[in-house]
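1. The following block contains a protein sequence and its predicted model.
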Amino acid sequence: MFTFRSLGRAAFAAVLVLFLLGAAASAASAADRHLSNAGTDDGDCVASPCATLLYVQQQVQAGDTVQLAAGVYPTDPVDGAILAVDDVTYARSGTGEATIVLPGNSYGLEVRGAGITFRDLTVSTSDGTIQGDTWAFTYSGSDLTLDRMLVEHQREGVVAIDEGGHGITVTDSTFTDIAGTAVGVWDGLITVTDSDFTANSGIFVRTPATLTASGNTFNGNVAGDGGTGIYVEDGNVGSTATGNRFSPSLEAAISGGQSIQVPDNWWGCNAGVEHDGCAPSYALPVESAEPHLVLDVSASPNPFPITASSTITARLVSSDPGSPFAGGPSGSGLTLSTTAGTLDDLHPAFVAGVAQTALRASSPGFPTVTAMLDNGSASTTVQAFVSAAILPATGVSATGATLHATVVPSVSQAQFLYRKAGESAWTAAAKQTIAPGGGSVDTTVGGLDPASVYYAKLRPYPLVDGQYQYSATTSFTTTAGGLVAGDVVVNPPAELTTTGATLGATVDTHGSPVSGVVEWGATAGDYTRSAALYASGASSARVLSRSLPTQFAPGTTYHYRIAVTNAGGTYTTPDQTFTTVASGAPAVTLGAVDPLTATTATINAVVDAHGAAVTNTLVQLGTTTAYTKAPAPLLSGAPVPGGRAYSRPFANLKPATTYHYKVTVTTTAGTYEGTDQTFTTAPPG
C-alpha cells in the first residue's frame, strides 16, 4: 500500500510562481499548443511545435490543449513536471504512441491545478522497469481526468498528497506494473469506469472520498507488496462497485472498511466471493457481495444450417434474475472452445460484459461450446443441421395453416411439428414419404386457437448419428375468430346489496384482446341501461366485471346479459337474473375462501346489518348444490370497514374437489340469502 506524504519543497513554490507568471503573460484566449520530438523550444508552441514538456508548461494558460505528437517526452530528471494551470488538456495527436517518461525517485507529474485532463497518453519510465520511488502523478488539485491512459512501471500511480486531490475521473485506462496503489484520492468523488488494473494495488479510497467503480478489471499483483482490488478506509460512506471483474489471483478483492456496496461483480468464478476458486476478501461478509455475476454462454440461431453460422455470446449476468443490472467489465481473459466445428475467435474480448464470436460447422452434429473466464465456466450445446429448411407458413386462418419446407435428396421421410407459444409439447403431423431427389414438402394443420402465435419445424429422416436433425423454427400467428358460447362464462352476481351488485363474466380470449358491456332492465329483452366492463386477470382467461353499487332498487329482480367483443365479432350471453337485497335486510360481502388447503377451507364474509341485530347465520356446504354437509353458523369477528367480519372453518374435506356453498344471514330487519358459490381444495401432498 502507498503512504501519503507532503512535498514540502521550496523549489516547487518558486517554480509554481514562474509558471503562473508565464500563464498570465500568455495570449488571452485558449489555444492548441503542440509538442513534437522534432520541435524547438521557441515561441508559444501554437504555430510550430515545441520540444519539451517543461517549456510548454511555461506557455500554457487555462483552457489550452497541449497536443503531443507520437514520441517520447522526458520530464525534469529530478522534479518531474509541475502542472499548475487550471483546465488544461494533454492529449495525443495523430497516430502512434506519445509517452511521457518519468525519472526515478521523482514525484512525476505534479497535478496542482483544477480540471486538468490527460487523454490517449502513456506514462512510463525510460527502460520499462520500476526506477526507485517514482510516482506517476502526485495530485493535490481537483477534478483530474484520465481518459484512455496507460500508466506503467511506477512505484505509485495517481496518489493524492497533502490531503489534497479532490475528485478524479478515470475512464478506459490501464494501470500495470505499479508496485503500490494505482489510484488513491483523499476527497471528493472517485469515478473509475472500464479500466484495467494489473500488477498493482488497485484503488485506495481515503475517507471522506467516495468511489463509484464499474466495468473495471482487477488482476493480481506481481510487482510489489499490494494485490488488493479496492481498499476502502474505515469509516468511508457511500462507495459502490458494480459490474467489475476481480481476479482470483488477487491478494484481496476488497479490503479495509466494510461500508462499500458491491452487488453484481464477477469474483473469478460462478459461486461468488470467498468461495473455492473465487477472489478472496479481507473486508466483506459473503452475503454483502450478493447478488454476484455468473458466466453464461448461448448460441443463436440454434439450431443453425451448416451453410451459415451461429453467434456464440458469452456474457456476465446477475445471479439474481430480478436484478436490473446490465453491463459489466470490458477486456480480455475469456477462452472459448468447441467439441466440433470452428470458432472465429477463441479469445473474444468482453465489451460491457458481453463477448461474441461465430461458430461454423462443416458437417451436421451437436457441438458443445464452453466458455472459461478465470475459474468460472459455462457451456451450451448447439445443433448444426443440413437436411431441411423451413419456409413461411401460408393460408393462415383462425384455426389452421399450411406449413412448407424443403429437404435435401438424402431425406426419405419428413414430419412437421408445431406448438403454441407458451406450451412445451410439440404436436406431430403425419409423417410423409419424400420422392427421390428431395425438394418441397407441405402439410396443412387444423384445430389451432385463434389469435395465437405458433411455432413449426420439420423433422427429416433418416437420423444422423442417431440424432434428429431438425430444421430451424418458423412462427406464424392465427387470425382472430369470433367467440362462441363456451368462451364466455357468466360469473354469479357478487356483492349484492339493497342497491348494488357486481356483474361480469370470465372469457377464454384465445389470446385476442376483448372488451365487454353489461346490459340490464326489468324484463328479459328489455335492457334499458348498460355499462362498460373492466378487464382483469390473465390474458388467456380474462375476467370482465363491473361494480354497480347504486344502480338498483331494493328487493327487486333484474334481467341482464353480457356482450363480449373481439376482432372476430361480438358474442352475447343468454338472459340472466339477480335480485337485490330487500330493504332492511343485511348486506353480505363474501371474501376469498382463505386459508384453503387440500383438506380445510375457511368461508369469510363481511355483514352490514344496517343497525339491526343479527339473529341467525348459516353456511351450507356440499359437493353439489344439494349442500349435503351439516350446515354450520358463521362465527362473529371484529368490526371492519363495511360491517363486521364473519368466518367459518371446515375440516376433513377431500383434496382436489370442488365444493358448493351458500351463506344466509338473518337480522331483525330481514334476511339475506346468498347465491351458490364454489371453491376447489388443493391437490393432495
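-> Everything's here; your move. Just so we're clear, the structure is a prediction, and the values are computed from it rather than from any experiment. Residues are numbered from 1 along each chain as shown.
2. For the rest of this, base every contact and every neighbour count on C-alpha atoms.
-> Fine.
3. How is this structure partitioned into domains?
-> Using automatic domain parsing, the domain ranges for the chain come out as 31-290, 294-384, 390-477, 485-579, 587-680.
4. Serialize those to TSV and add fields for mean pLDDT and mean neighbour count.
-> TSV is the format used below for the domains of the chain (pLDDT from 0 to 100; neighbours: other C-alpha atoms under 10 Å):
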stretch	mean pLDDT	mean neighbour count
domain 31-290	87	22
domain 294-384	92	19
domain 390-477	88	17
domain 485-579	90	18
domain 587-680	93	17
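5. hey, where'd the strands end up in the stretch 1-150 of the chain?
-> Along the stretch 1-150 of the chain, counting by DSSP state E, counting those that start in this stretch, strands occupy 32-35, 65-68, 71-74, 81-83, 89-92, 98-102, 109-111, 117-119, 122-125, 135-139, 142-147, 150-154.
6. Correct me if wrong: Ser278 contacts Asn265.
-> Just so we're on the same page, residue 278 is Cys rather than Ser. No: the criterion here is C-alpha atoms under 8 Å, and Cys278 misses it with Asn265 at 11.6 Å.
7. Using CSV, write down the CA coordinates of the strand or helix carrying Val369.
-> Using DSSP states H and E, Val369 maps to strand 368-373. C-alpha atoms of strand 368-373 as CSV (Å, rounded to 0.1, in the frame of the first residue of the first chain):
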residue,chain,number,x,y,z
THR,A,368,-20.7,-28.1,-27.2
VAL,A,369,-19.2,-24.7,-26.8
THR,A,370,-17.5,-23.9,-23.4
ALA,A,371,-16.6,-20.5,-22.1
MET,A,372,-13.8,-20.1,-19.5
LEU,A,373,-13.1,-16.9,-17.5
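8. In its sheet, which strands sit next to it, and in what direction?
-> Looking at strand 368-373 with DSSP bridges, its partner strands are strand 334-338 (antiparallel), strand 376-381 (antiparallel).
9. Centre of the chain to the first one, how far?
-> It refers to strand 334-338. 25 Å (C-alpha atoms, centre = their mean, to the nearest Å).
10. Also stretch 431-438?
-> 47 Å.
11. Check stretch 669-676 too.
-> For stretch 669-676, the distance to the chain centre is 52 Å (C-alpha atoms, centre = their mean).
12. End to end on that stretch, go ahead and measure it.
-> 23 Å (C-alpha to C-alpha, to the nearest Å).
13. what do you get for stretch 114-121?
-> Start-to-end, stretch 114-121 (C-alpha to C-alpha) is 19 Å.
14. Name the nearest residue to Ala601, sequence neighbours excluded.
-> Phe650 (5.3 Å; C-alpha to C-alpha, 6 or more residues apart in numbering).
15. actually Ala494, not the one I typed
-> Distances taken as C-alpha to C-alpha, 6+ apart place Thr502 nearest to Ala494, at 5.0 Å, with adjacent residues excluded.
16. secondary structure element for that neighbour?
-> Going by DSSP H and E, Thr502 is in strand 501-508.
17. who are the neighbours in contact with the nearest residue to Gly481 once chain neighbours are set aside?
-> Counting by C-alpha to C-alpha, 6+ apart, Gly568 is the residue found nearest to Gly481 once chain neighbours are left out, at 4.7 Å. Counting by C-alpha atoms under 8 Å, 6 or more residues apart in numbering, Gly568 makes contact with Ala480, Gly481, Gly482, Leu483.
18. and the gap between Asn244 and Ala253?
-> To Ala253, Asn244 is 10 Å away according to C-alpha to C-alpha.
19. do the same with Ala401
-> 58 Å.
20. and the residue nearest to Thr623 when sequence neighbours are not counted, what does it touch?
-> Nearest residue to Thr623, sequence neighbours excluded (C-alpha to C-alpha, 6+ apart): Tyr659, at 4.4 Å. Residues near Tyr659 by C-alpha under 8 Å, 6+ apart: Leu621, Gly622, Thr623, Thr624, Thr678, Phe679, Thr680, Thr681.
21. Quick check: chain neighbours aside, which residue is closest to the second one?
-> Setting aside the residues directly before and after it, Gly622 is nearest to Thr628 in space (C-alpha to C-alpha, 6+ apart), at 4.9 Å.
22. doesn't Leu621 make contact with that neighbour?
-> Yes: applying C-alpha under 8 Å, one finds Thr628 in contact with Leu621, separated by 6.5 Å.
23. hang on, the earlier thing: out of the strands of the stretch 1-150 of the chain, nearest to Gly591?
-> Closest of those to Gly591 is strand 142-147, at 62.2 Å (criterion: C-alpha to C-alpha).
24. Each with direction, which strands does the helix or strand harbouring the residue nearest to Thr623 pair with?
-> Here Tyr659, judged by DSSP H and E, is contained in strand 658-667. With DSSP bridges as the test, strand 658-667 is paired with strand 614-622 (antiparallel), strand 670-673 (antiparallel), strand 677-680 (antiparallel).
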